[in-house]
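[1] what shape does this take:
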Amino acid sequence: MSIEHLVQLEDGERVILEVRRHMFMLYSKLAFLLILFFVPLTLSPVVAAAIDKVMGGTYGNVLMGFLFMLWCLFLWVFFFFYWTDYYLDVWIITNKRIFDIEQKSVFRREISVTRLEQVQDVTISINGMFATFMKFGDIHVHTAGSEIDFTIKNAANPLTVKETIMKAHGETYQHMQTQGAQQTHVE
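    Numbers count the residues shown, from 1 in each chain. Below you'll find the model as predicted:
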């Protein structure tokens, strides 16, 4: 699934790579939601019995069933938020530019763009044994001038991303030099 429709590509520009946070980041949030799903299931029989004892009827199971359905709706909404944030936080690396699309909330998104010739340095940071084995880390792209620096946290395969950016940067720089040489020969 590609989200290239969020960016407008120039003539001759093609997408090289889409970079997202590692799936482990999403899975850890979903595991937490799964734990939260089972908490009421373990507590509801005790609470329902207490409600029946206090109210003197059989309202406990009905009330707990209703509250459990509300709880499931609450968890579903959080699942939607987590998935939206994961899927729409993306870097799109093309042969000319880098797009940083950051989903701030469900209805708020920031899109930053830098040209590859503005890239000065790409730094990756892989912290810890778990991140090393799972192959995720932070990627920071330093740009020239007053441009915004780009950072994506917990990105999948940061070494591959760095190599891809640096290779595309080199090709862009080489292309610019050959165009400059051709223009000098024309004049």
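
[2] and the helices in this structure, which stretches?
    Counting by DSSP state H, the chain has helices at residues 23-55, 60-88, 129-134, 158-186.

[3] could you check the pLDDT of the spatially most distant residue from the centre of the chain?
    Here the centre of the chain is the reference, and by CA atoms, centre = their mean the most remote residue is residue 56, at 51.1 Å. For residue 56, the pLDDT comes out at 79.

[4] which ones are touching it?
    Going by CB atoms under 8 Å, 6 or more residues apart in numbering, residue 56 touches no other residue. (C-beta placed from N, C-alpha, C; glycine too.)

[5] residue 72 and residue 34, how far apart?
    Taking CB to CB, to the nearest Å as the measure, residue 72 falls 12 Å from residue 34.

[6] tell me where the model's unsure across the protein.
    Within the chain, the stretches with pLDDT under 70 are 1-4, 146-147, 180-187.

[7] about what we covered before: could I get the helices of the chain in CSV, plus columns for mean neighbour count and distance to residue 113?
    Listed next are those as CSV, based on neighbours: other CB atoms under 10 Å; distance: least, CB to CB, whole Å:
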stretch, mean neighbour count, distance to residue 113
helix 23-55, 13, 24
helix 60-88, 14, 16
helix 129-134, 12, 28
helix 158-186, 13, 14
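
[8] what's the closest of these to residue 6?
    helix 60-88 (8.0 Å; CB to CB).

[9] identify the residues contacting the closest residue to residue 102 other than its chain neighbours.
    If the residues on either side of it in the chain are set aside, residue 102 comes closest to residue 110, at 4.8 Å by CB to CB, 6 or more residues apart in numbering. Applying CB under 8 Å, 6+ apart to residue 110 gives the contacts 100-102, 104.

[10] among the residues you listed, name the buried ones.
    Those of these that meet the buried threshold are 100-102, by 16 or more other CB atoms under 10 Å.
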